[in-house]
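Asker: okay, sequence plus prediction incoming.
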Amino acid sequence: MGLLSSGQDLSRGATGHLVLGLDVALGNRWTSSGAQIKTLNGIAGLDFSLILEFQSYMARLKLVSGGSRKKIIRAAKRRVGPLTTAPPLAPGAPTDFDLMKGIQAGDPDALSQLYDRYNGILKALILRVIHNEAEADDLLQEIFMEIWNQAKNFSPQKGKPLGWMVTLARRRAIDGLRKKQAYARAEERLQNETEQQPDAWVHNATEDEIILSDTRVLIRKVINSLPPAQQQAIDLAFFRGMSQREIAAKTNTPLGTVKTRLELGLKKIYDGLKDLRDEL
Amino acid sequence: MNFEQFQNQSRLYVIGALEPEEIEEFEKARQKFGKKAEDFIAKCYALHEAFALSLRPAKSSDAIKERLMAMVKAKKET
């Protein structure tokens, strides 16, 4: 399935920072100009040597074509793997699909290995949604338990194990956030009724939610090429699980505009990924 | 709905951003386009992975894994 899923090396290698892959995708037409390097440089997780290597790679890419170009891309793709935060697969190590088969067969060791491979990514995703360390840990445990219980529903024909896990984790995290928000709203009503300590607790909770975390900065940089309004719409939809109407209300924007922003932003990201997939 | 419109809707669908009134029309188009539609939707889930993988991995407590594996073991034994 292309950049994000075509080869085990990249799909596994991408587990830490697909930032690079995504930027490669988005920057498929980049030259090695300073401005582009500056863009890369702003992305956490990329050191300067990698940037220089990438610069060199892009420069070489411009000078060749056809088979040689593909070879260079493949070579770059191989280099991407070890630069990610997840350890590369050791020779003979089971693939994600192998581990899912193991879990489906009731092998706890397969779950243990899958946990070691992806708990950091899933925890980051959960944390990005609910912004609470202790709750994120609890949810992470529940999600892996659900992976164990629901593994029979995973089908390789429908996608990769990581995609399935991310979808599951995001859904659970957003459910958790909604419950938390519902609780916060109930608390707010109670406080208004009793007129005690007006909105202090709820107000603080809301402020916490809007603080820009490192993670948020990171995702903003990944989709740096999008206009801010599109980035905001996607962020609210994906990480907050907001509907178009909720986004429109929150941003005081016409519904049609929100829809357009989401469609254009997602298409640009999707096409960026697709360009590289076709290239590879 | 033509296929290009369906593609736009699919990207919204996978991140759960379709409005209820759009879902009905989307599902009709999904049926109309059949396998082509399913293949495209599957590809759209790459967006999920991309967004998740763009996050800096977070460290979780070692106790979480211990608890998880204990629960799995207990469940397996029952």
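Answerer: Perfect, thanks for sending it.
Asker: any idea how far chain B is from A:W148?
Answerer: According to CB to the nearest CB, to the nearest Å, A:W148 and chain B sit 6 Å apart. All C-beta atoms are positioned from the backbone trio N, CA, C, and that covers glycine.
Asker: so which helix or strand takes in that residue?
Answerer: helix A:133-150 (DSSP states H and E).
Asker: residues of that helix that come out buried?
Answerer: By neighbour count, with 16 or more other CB atoms under 10 Å in any protein chain shown as the criterion, the buried positions of helix A:133-150 are A:135-145, A:147-148.
Asker: again with stretch B:59-76
Answerer: Buried-residue list, stretch B:59-76, by 16+ other CB under 10 Å: B:60, B:64-65, B:67-69, B:72.
Asker: so what secondary structure elements neighbour the helix holding A:W148?
Answerer: In terms of contacts (3 or more CB pairs under 8 Å, 6 or more residues apart in numbering or on different chains; DSSP states H and E), helix A:133-150 is packed against helix A:108-130, helix A:161-194, helix B:62-77.
Asker: quick one: average pLDDT of it?
Answerer: Helix A:133-150 shows a mean pLDDT of 94 in the predicted model.
Asker: just the CA coordinates of it, formatted as CSV?
Answerer: What follows is helix A:133-150, C-alpha atoms only, in CSV (Å, rounded to 0.1, in the frame of the first residue of the first chain):
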residue,chain,number,x,y,z
GLU,A,133,-0.8,10.8,31.4
ALA,A,134,-2.5,8.5,33.9
GLU,A,135,-5.7,8.2,31.8
ALA,A,136,-3.6,7.5,28.7
ASP,A,137,-1.8,4.7,30.4
ASP,A,138,-5.0,3.1,31.5
LEU,A,139,-6.5,3.5,28.1
LEU,A,140,-3.4,2.0,26.5
GLN,A,141,-3.8,-1.1,28.6
GLU,A,142,-7.5,-1.3,27.7
ILE,A,143,-6.7,-0.9,24.0
PHE,A,144,-4.1,-3.7,24.0
MET,A,145,-6.6,-5.8,25.8
GLU,A,146,-9.1,-5.0,23.1
ILE,A,147,-6.5,-5.9,20.5
TRP,A,148,-6.2,-9.3,22.2
ASN,A,149,-10.0,-9.8,22.4
GLN,A,150,-10.8,-8.4,19.0
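Asker: who wins for proximity to B:H48 among the helices and strands packed on helix A:133-150?
Answerer: Nearest to B:H48, of all these, is helix A:161-194, at 4.8 Å by CB to CB.
Asker: find the least confident helix or strand in chain A, judged by mean pLDDT.
Answerer: The weakest-scoring helix or strand in chain A, judged by mean pLDDT, DSSP states H and E, is helix A:200-210 (a mean of 30).
Asker: mind checking which of the helices and strands packed on helix A:133-150 is nearest B:S10?
Answerer: By CB to CB (comparing all of those), the closest turns out to be helix A:161-194, at 14.3 Å.
Asker: name the helices or strands packed onto the strand or helix carrying A:G272?
Answerer: In the assignment (DSSP H and E), A:G272 maps to helix A:255-279. On a contact count with 3+ CB pairs under 8 Å, 6+ apart, helix A:255-279 meets helix A:19-26, helix A:228-240, helix A:244-251, helix B:3-14, helix B:46-53.
Asker: quick one: that helix to helix B:46-53, angle?
Answerer: 90 degrees (axes from the mean of the first three to the mean of the last three CA atoms, to 10 degrees).
Asker: what inclination does helix A:255-279 have with respect to helix A:228-240?
Answerer: Using the same axes, to 10 degrees: helix A:255-279 against helix A:228-240 is 80 degrees.
Asker: excluding chain neighbours, what is closest to the residue of the stretch 51-200 of chain A found nearest chain B?
Answerer: Taking CB to the nearest CB, chain B has its nearest neighbour within the stretch 51-200 of chain A at A:G120, 2.9 Å off. Leaving aside its sequence neighbours, A:G120 sits nearest to B:P57 (CB to CB, 6 or more residues apart in numbering or on different chains; 2.9 Å).
Asker: now do the helix-or-strand element of chain B with minimal mean pLDDT: which elements does it pack against?
Answerer: Here the helix or strand of chain B ranked lowest by mean pLDDT, DSSP H and E is helix B:46-53, holding a mean of 80. Secondary-structure packing of helix B:46-53 (3+ CB pairs under 8 Å, 6+ apart): helix A:19-26, helix A:108-130, helix A:161-194, helix A:255-279, helix B:3-14.
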